[in-house]
Structure formats: structure tokens, C-alpha cells
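[1] Just a sequence and a predicted model for now, questions to come.
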Amino acid sequence: MLDIWIAFITGLTAGGLSCMAVHGGLLTSSLASQLEKDFQNQPHTKQSRPQLAAPITVFLLAKLAAYTLLGFLLGLVGSTLSLTPLMRALLQFAIGIFMIGNALRMFNVHPIFRYFNFETPSFITRFIRKSSKGKTAFAAPVFLGAMTVLIPCGIAQSMMAVALGSANPLIGAAIMFAFTLGASPAFFALTYFAARMGAMLEKYFMRLVAIVLLLLGVYAIDTGLNMVGSPYSLSNTVQTLTSPASAAESEGPAADLTLYAHDDGYTPRTLNALAGQPLKLQVVTKNTTSCALAFTIPELNVAKDLPVTGNVVLDIPAQPQGKVMRFSCSMGMYTGQIVFK
């Protein structure tokens, strides 16, 4: 029971914000297509307003159902269904390209971008049409809401680990249900507010959505670069420039390294290690609830869910002098590196 309450509180306090970047982009894409049709098929009057609450609610309900089912399966089979860091990075690239292409379609840059308009698979459309008596406007939000299980945020992955450890399908389902339910209010409020502000601009709304999609697409590709350990990401550069000098780098090369995972990232961001010999990396957490809990080292294919408070020791094989090994959270939001000297 305690795990269920912890899952709910974690979702309520941090889950909605943490998962907003990727899932919010998917939902914005869905709303964009629907609102385009509404603007084309309905007269533009002061009374006409896009219906926002219903599709957002449907999206969240589909997401809630999908994550509850995932929790049930995790508790039942006792094995993880999460994707590898590389597969998740490829998904991020695909999502980023889709959102950028969709934004360029809305700007009418070139006819080729019309292929980036999301179309719900026909079997989903038929199912929704039959169950909703011909009202198919919610097909895309339903499909996208369910699809979010393929791209869980870092905090969701931690809850998935808890569900897995429960070894009970009902408890696993309850944990994921509680977390997703807790994350829903913040997600709904942020999405509704952003869309409503756009609706107030009326004829400029689609341009506003396109700009948001473009920014989210760039962000998705940037986090994908972090996930594969690329040094050329924008966020990596920004964090390097803005990190305090005292927290940016460890003192000197050592065989035993200590890294602290905080809600706002990892410190120090650069760990100096001895080259040519195996080493141990201790990752320490204290009341941490952010994406930093889902720790990854892409080059070693390491993906570790950290405890909210505690420490985890990882073995790092010997590396040549001058080697730079990068690590990040599973969403690519927080990054760092190990430099072997």
C-alpha cells in the first residue's frame, strides 16, 4: 500500500512536469490536426471555440489505461518491457522528425510535408467509430495516449521498476495507475492552458501550435543525441556553460568515483578517472524524484533505475587514456561525462 501512495505522490509532484516534453508534443500534434479540421469545417465566429478539454481527457484516459495494463504485465511476468537506451534514442529521433515535419506542414513550407500529418490506423478508427457512434474525432488522442507506454519518462521508468519488483499483477497495476493518475492534473492544466491561449489568438492559433511543435521537435532530437552519448547536443553545451565551476568537475583522476544525482541533474558533471584500470562508480541519491533516477551510460548499454534515496555501485571496465564516456538520464535531459586520464 505504501508503494501505491508513493507512486501517486510522485506523479502528483513531479510526474506531470517530467513527462510533459515528449507526451505533450504527441498530444499537441493530435490537437493540431483536429483543430485544423474544426477551423476548416466550422464558421469562424466569436462563439466558435475549439473543444480542448475532451480530447485532452481522452488522451489521459487512454494513457491511464495503457500504463495500468503495463503495470499488470510487469507484475505478472516479472520482467521489464522497457526499451534499451539506443531504441529509446531512435524513438526520440523519430518523434522529433515527425513533430518538425508536422510543423513545417502547418507552415505550408512544401507539399512533401503533408505526409507528416498523423493518421490513425484504420482498425483503430473502425473501433472508435463503432464504440462512439460515428464520432471519430478522438481516435488520434486515444491512439497517442496508449502509445506513450513506448516512451516512458524517467520517473515513469522508476515506477515501472517498483511495479516489476512487486511480483504481483494487481499491485503492479495499482502502482502504475496511481502514478499516472497523480501526473494527470498537472499535464491537463499545462496542455489546456497552452492550447487555450492559442485559441484566444484565433487565426494565429495554428501558427502558434506549429512553433510549439517545432521547438518540441528540436528538443526531442536534442535529447536523442544525449541518449546516444553525443557531445554535440545543444543542452550539453548549455549545461557546460551554466554549471558552477565548483560543481562542474571532480578534483583529480581516481579509481573510485562518486556521482550525485539531484532533481536538477548530476554533480559533478565531469568525473576524472584513472585510465587503464577498472573502476567503480557510486551514484548517490537523496530524496531525488526527477529523471536523474533513470541513469544510463549508452556506450556500455547500462540502464539503471536508482532508488529515491540510497546509492548504487556500477563497475566500469578499463578505458584508454583520453577516452570520454558520457552518461545521462534516460530522457536525455541531464548529462555528464567521465574523462579517463
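    Now that the structure is in, tell me what you want to look at.
[2] hey, let's count contacts and neighbours off CA atoms from now on
    Will do.
[3] for stretch 171-188, what is the average pLDDT?
    On average, the pLDDT along stretch 171-188 is 87.
[4] Stretch 237-245 now?
    pLDDT averaged over stretch 237-245 gives 62.
[5] ok, now stretch 218-226?
    pLDDT averaged over stretch 218-226 gives 83.
[6] Mind listing what's buried along that stretch?
    Within stretch 218-226, the residues that count as buried by 16 or more other Cα atoms under 10 Å are 218-226.
[7] Of these, which belong to strands?
    Nothing among these maps onto strands, per DSSP state E.
[8] which among the residues you listed gets closest to residue 139?
    residue 220 (24.0 Å; Cα to Cα).
[9] Distance-wise, check the closest one relative to residue 233.
    11 Å (Cα to Cα, to the nearest Å).
[10] swap in residue 304?
    From residue 304 over to residue 233 the distance is 22 Å, taken as Cα to Cα.
[11] who touches residue 260 in this structure?
    266-268, 283-285 (Cα atoms under 8 Å, 6 or more residues apart in numbering).
[12] Widest-spaced pair of those?
    So, those by Cα to Cα: farthest apart are 268 and 285, at 13.2 Å.
[13] Which parts of the stretch 201-341 of the chain are strands?
    256-262, 265-267, 270-273, 279-285, 294-297, 302-305, 310-316, 324-329, 335-340 (DSSP state E, counting those that start in this stretch).
[14] which one of the ones you listed lies closest to residue 4?
    strand 302-305 (17.8 Å).
[15] ok, that closest one: who's next to it in the sheet?
    strand 294-297 (antiparallel) (DSSP bridges).
[16] Keeping just the C-alphas, turn the strand it pairs with into PDB.
    This file holds the C-alpha atoms of strand 294-297, laid out as PDB (Å, rounded to 0.1, in the frame of the first residue of the first chain):
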ATOM      1  CA  ALA A 294      16.900   6.600 -14.600                       C
ATOM      2  CA  PHE A 295      20.700   6.600 -15.100                       C
ATOM      3  CA  THR A 296      22.200   5.400 -18.400                       C
ATOM      4  CA  ILE A 297      25.700   5.000 -19.900                       C
END
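[17] Now it: average pLDDT?
    Per-residue pLDDT over strand 294-297 has a mean of 88.
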